[in-house]
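In: starting from these lines, generate the structure:
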Amino acid sequence: MTVSARINKAELPDKFICNSLAFLGRSSFEERCVSAHDELASCNFVYKHFFKSRDEAKLATHIRKKLGLSEKQISEINISDPLQTQRTIANQFMTIAEIPDDISLIIDITTFRREELLILLKEMRRLPEALLDEASFVYSVAAEMGDWLSNNVRQIRPVIGYPGDMISRQSTHLVIMAGIEHHRAVAAIDAYEPSNISLGIVPLEDSVSLEIHERNLQLRDYIVRHFDNVTTEFDFSAKSPQAVISKLRQIVSSRPDQNTIIAPLNTKLSTLACGVYGLENPAVQLCYAEVEVYNAGKYSTAGDEVLLIPYRSLVSKE
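Out: Sure, this is the predicted structure:
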C-alpha cells in the first residue's frame, strides 16, 4: 500500500474485513468523527475507544451518543492541559498493547487536534513492533470547509515530546506550514518573534482543492505584507508525508545556527509528517496554537472519500 491511499469510504471495510480490529477515535462536533467507524461497522471490533473533550460541545455529545459507547470506552481529554492529554493517550496504548489477539489497529485522526495528533504519534512507540506493523491512520476527507474554522488564540506552546534544543544565545527560525487560518500563523510569529521566517505554501497541484488553495494563498499574501522577516518561501505537499519530511530536512538544515520551531498549520497528513520529522530531529521544536472558539455549527461537511495511511509507510525513511 502507498503512503497515503485515497479511496471511497465504502471501500474501507474491504481493507479489514478479515481482521480483528482495535479502533481509536476522537469525539467531535463534526459528523466526520464517526464516518470511518460507521463504515467499518460490519468488521470485527475487539476493542473500541473514543476520546472526548472535557468541555464537550452539545453537538459533539449528541453525535457520540449515537455510537452507544460504554463509560469504559470513553476517555476525557482536557485540551488546555497537555500533560493530562499525554497521560490519557499513553494509557490507551498501554491497554491496547496488552490485547492478546492478533489485531489491526486503526486510528481515526480526522478530528484529533494537531497537538493531540502529535502526542499520539510519539506515544505510539509504546506499542509492540508487530502491532505497529498492522497499524493504520484513517482520515475522512471533507467535502467543504467553513468560511472560518476557529478564532481567538489562547496560547502558543511547545508540543509535549517535541521541545527542541533551544539555545538562549541563538536567534529563532520559525517554519510555518501555512494553512487557511491567519490568526494561528500570526500568533506564532508574535509569540516567538523570529529573526527568520520560512513560509511554506501548498501549490495547487498538491492542494486538497482549488478553494483551499486560494485561501492558502490569501494567508501567504497577508503574512508577506505584514512581516518583513519572511526570508524563505517554499512549496510543500498536503498529500505526501514523505515529501514534507524531505522538504523540512532541506529547510531546517539551511539555518543550522538558529533555534528552529515548526508550526504545523495545514492538513492532518502534513502534521503527521511534521511529527515524524520532529522525532527524527529532536533539536527542532514543534508548537501548537490553542484557540478559544471553533466554528462548531459549520466547520465542515463530510465527503465520500477517506485517506488510509499505514503507520510503517509513514515513518519509513527514504
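In: and stretch 101-119, what's its mean pLDDT?
Out: Taken as a whole, stretch 101-119 has a mean pLDDT of 95.
In: same check on stretch 58-70?
Out: Stretch 58-70 comes out with an average pLDDT of 92.
In: how far does it sit from the chain's center?
Out: 22 Å (Cα atoms, centre = their mean, to the nearest Å).
In: list of residues touching it?
Out: Residues from elsewhere that reach stretch 58-70 (Cβ atoms under 8 Å, 6 or more residues apart in numbering): 27-31, 33-34, 37, 48, 50, 52-53, 56, 74, 296-297. Where you see a C-beta, it was placed from the backbone N, CA and C, and this is true even at glycine.
In: so which of the residues you listed wins on neighbours?
Out: residue 28 (27 neighbours; other Cβ atoms under 10 Å).
In: so what's that residue up against?
Out: Residue 28 makes contact with 60, 63, 110, 111 under the criterion Cβ under 8 Å, 6+ apart.
In: helix or strand for it, just tell me which one.
Out: Following DSSP states H and E, one finds residue 28 outside all helices and strands.
In: distance of it from residue 59?
Out: Using Cβ to Cβ, to the nearest Å, residue 28 is found at 9 Å from residue 59.
In: the strands in the stretch 1-150 of the chain, which residues?
Out: 5-8, 20-26, 44-53, 74-77, 104-108, 135-145, 150-158 (DSSP state E, counting those that start in this stretch).
In: my error: substitute the stretch 201-318 of the chain in the last question.
Out: 230-235, 259-264, 285-294, 300-310.
In: just the contacts of residue 28: which are in helices?
Out: Of these, the ones assigned to helices by DSSP state H are 60, 63.
In: can you tell me which of the contacts of residue 28 is nearest residue 208?
Out: residue 110 (13.5 Å; Cβ to Cβ).
In: ok, the closest one touching residue 36?
Out: Yes: under the criterion of Cβ atoms under 8 Å, residue 110 makes contact with residue 36 at 7.0 Å.
In: and the two? Which one has more around it.
Out: residue 110 (26 against 22).
In: quick check: the gap between the residue nearest to residue 102 when sequence neighbours are not counted and residue 204.
Out: Here the nearest residue to residue 102 in space, its sequence neighbours aside, is residue 20; by Cβ to Cβ, 6 or more residues apart in numbering that works out to 6.8 Å. Residue 20 is 42 Å from residue 204, where distance means Cβ to Cβ.
In: next one: residue 98
Out: Residue 98 is 47 Å from residue 204, by Cβ to Cβ.
In: between the two, tell me which one has more neighbours.
Out: Taking other Cβ under 10 Å, residue 98 and residue 204 do not tie; residue 204 has more neighbours (13 against 8).
In: report pLDDT for the more buried one.
Out: Reading off the model, residue 204 has pLDDT 86.
In: residues touching it, list them.
Out: 210, 213.
In: if we go to 6 Å?
Out: By Cβ atoms under 6 Å, 6 or more residues apart in numbering, residue 204 lies in contact with residue 213.
In: what does residue 79 give?
Out: residue 53.
In: same thing with residue 177?
Out: 200, 264, 265, 266, 270.
In: of all those, which comes closest to residue 142?
Out: Checking those against residue 142 by Cβ to Cβ gives residue 266 as the nearest, at 13.6 Å.
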